[in-house]
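Novice: turn this into a model:
(one chain, ligands or ions: 1)
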Amino acid sequence: MRDTQGRPVTGSNIKFPVAIPDLSGKEEEYVVDAIRGTWISSIGSYLRRFEPEFARLCGSPAAIAVSNGTVALHLAMAGLDVGPGDEVIVPSLTFIATANAVRYQGAEPTFVDVDPETWCLDPDQLERSITPRTRGVIPVHLYGHPADMDPILDVAGAHGIWVVEDAAEAHFARYKGKTVGSLGALATYSFYGNKPFTSGEGGAVTVNNTSLESKLRMLAGQGLDPARRYYFPIVGYNFRMTNIAAALLCAQMERKDEIIARRRQVFEDYRAALADVEGLSFQPVAPWAEPTPWLFSILVDEKRFGSSRDALAAALLDYGIDTRPFFIPVHRLPPYAAGSAGRAVDLPHSDALATSGLNLPTYSALTSNNVDEISGAIRAVARRR
Ligand SMILES: Cc1ncc(COP(=O)(O)O)c(C=O)c1O
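Specialist: As a prediction, this is how the structure comes out:
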């Protein structure tokens, strides 16, 4: 059994979980303030402060706070009028929510492979996946590394389809000096407990096409006409964030650079500690990328490492070290096994990464000594062969 952060809870002797939220700033003070002020629902000063601040930090004109990253994607699809008969291109190596958001609207995801150099949507595969039914593409900035956006934007522009960035795992990462999320028409974010910035559950949509802002706000707020009480001209949703969640995020935004710097240090420590372990490799960093480190990831080459990815994960658990296997490619999951709108797909890079990839514990409080201890356990497993 696992808790809401995905941490094992049965007889838990876990010393190093995969994620621990960093709530060491003014999080508690702001949440208590929201509670004392009784503004705990979806109106309040922290929401009013968080939305423009997050938009500014993302380099976007506006941000809409919502209840999680999945509804952020759903809201984006609804706002762009995705509907039955439409196709939307998504990478298969992602969390299932990216594809589900397309399905919620009655449309079909078209799965494309990832580039082994970025682990994100391969721009070379994009053009050949476009059909007359294609409405848009959702590149995912996987594990905090930006997708190669320029060729994606070029192909999308040439074919008149939109781009929505799924930045759930990559808040404030930079692509060629520009903040991810500011590049497509819309971008979506998650603030789930294991993400670099968190409100427990939470999400946001940033809007670069400002003509969409009022429509998205209306859809996220039950379809209510802002100028007329209890008048609902459209069918909307309740996708709103609470002021308590926004209080947490206001505190997190104050320490944005500090939180990213801590996670960068953890990534550097892992790279240094594991560099010479035969059979392990890491997520490449493209020359144009400034990732926001999410989860440190290793690829396990079973023959050279001497143990499979799953055997390594099981052995690490005995040392009290929790890990996560990579996402199962979405086209391998039952709801999407028919392929892309019924067309079979073959995505070898997604499959290969999914079977060899493992996420290691990554959080602010992880010290260099902790990383050494985890790396030592990995080395001990390598020596067992
Ligand atoms: C790439 C990606 N998209 C979407 C989501 C959904 O976000 P949430 O869990 O906040 O609904 C996640 C969440 O983990 C994700 O990793």
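Novice: which residues does stretch 252-267 contact?
Specialist: When contacts are defined by C-beta atoms under 8 Å, 6 or more residues apart in numbering, stretch 252-267 is touched by residues 22, 25-27, 50, 53-54, 57, 172, 196-199, 292-294, 296, 362-364, 366, 368, 371. Bear in mind the C-beta positions are built from the backbone N, C-alpha and C, glycine included.
Novice: model confidence over it, on average?
Specialist: The average of the pLDDT scores along stretch 252-267 is 98.
Novice: can you flag the buried ones in the contacts of stretch 252-267?
Specialist: 22, 25-27, 50, 53-54, 57, 172, 196-199, 292-294, 296, 362-364, 366, 371 (16 or more other C-beta atoms under 10 Å).
Novice: mind checking which of those are in strands?
Specialist: Using DSSP state E, no member of those falls in strands.
Novice: among the contacts of stretch 252-267, which ones are in helices?
Specialist: Using DSSP state H, 27, 50, 53, 54, 57, 368, 371 are the members of the contacts of stretch 252-267 that sit in helices.
Novice: which of those lies closest to the ligand?
Specialist: residue 54 (14.7 Å; C-beta to the nearest ligand atom).
Novice: which residues does the closest one contact?
Specialist: For residue 54, the contacting residues are 63, 65, 204, 206, 249, 253, by C-beta under 8 Å, 6+ apart.
Novice: pretty sure the third one contacts residue 75?
Specialist: This points to residue 204. No - counting by C-beta atoms under 8 Å, residue 75 is not a contact partner of residue 204; they are 9.8 Å apart.
Novice: joint contacts of those two?
Specialist: Both residue 204 and residue 75 are contacted by 64, 66, 188, under the criterion C-beta under 8 Å, 6+ apart.
Novice: just to check, the first one is in contact with residue 215?
Specialist: Going back to what we said before, that points to residue 64. No - under the contact definition of C-beta under 8 Å, residue 64 does not touch residue 215, with a separation of 10.4 Å.
Novice: looking at these two, which has the bigger crowd around it?
Specialist: Set residue 64 next to residue 215 and count neighbours by other C-beta atoms under 10 Å: residue 64 wins out with 28 against 17.
Novice: for that one, name its beta-bridge partners.
Specialist: Note on residue 64: beta-bridge partners residue 205, judged by DSSP bridges.
Novice: list the residues that contact it.
Specialist: Contacts of residue 64 (C-beta under 8 Å, 6+ apart): 51, 75, 204, 205, 206, 207, 213, 216, 217, 220.
Novice: follow-up on the earlier one: so residue 204 and residue 75 - more neighbours on which side?
Specialist: Applying other C-beta under 10 Å to residue 204 and residue 75 shows that residue 204 carries more neighbours, namely 32 against 27.
Novice: near the ligand, which residues of the stretch 1-150 of the chain show up?
Specialist: Taking C-beta under 6 Å from any ligand atom as the criterion, the neighbours of the ligand within the stretch 1-150 of the chain are 68, 69, 70, 94, 95, 97, 98, 140.
Novice: could you dump the residues you listed to JSON lines with secondary structure and neighbour count?
Specialist: Below are those laid out as JSON lines (DSSP: H, G, I helix; E, B strand; the rest coil; neighbours: other C-beta atoms under 10 Å):
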{"residue": "68", "secondary structure": "coil", "neighbour count": "23"}
{"residue": "69", "secondary structure": "helix", "neighbour count": "27"}
{"residue": "70", "secondary structure": "helix", "neighbour count": "23"}
{"residue": "94", "secondary structure": "coil", "neighbour count": "26"}
{"residue": "95", "secondary structure": "coil", "neighbour count": "19"}
{"residue": "97", "secondary structure": "helix", "neighbour count": "22"}
{"residue": "98", "secondary structure": "helix", "neighbour count": "26"}
{"residue": "140", "secondary structure": "strand", "neighbour count": "27"}
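Novice: and of those, the nearest to the ligand?
Specialist: Of all those, residue 69 has the smallest distance to the ligand: 2.4 Å, by C-beta to the nearest ligand atom.
Novice: and the nearest residue to residue 168 once chain neighbours are set aside, what does it touch?
Specialist: In space, residue 168 comes closest to residue 190 once its chain neighbours are excluded; the distance is 3.7 Å by C-beta to C-beta, 6 or more residues apart in numbering. Contact partners of residue 190, counting by C-beta under 8 Å, 6+ apart, are 68, 69, 70, 72, 168, 169, 202, 203.
Novice: wait, is the fourth one part of a helix?
Specialist: Meaning residue 72. Yes - for residue 72, which was evaluated using DSSP: H, G, I helix; E, B strand; the rest coil, the result is membership in a helix.
Novice: how close does it sit to residue 36?
Specialist: Residue 72 sits 29 Å away from residue 36, taking C-beta to C-beta, to the nearest Å as the criterion.
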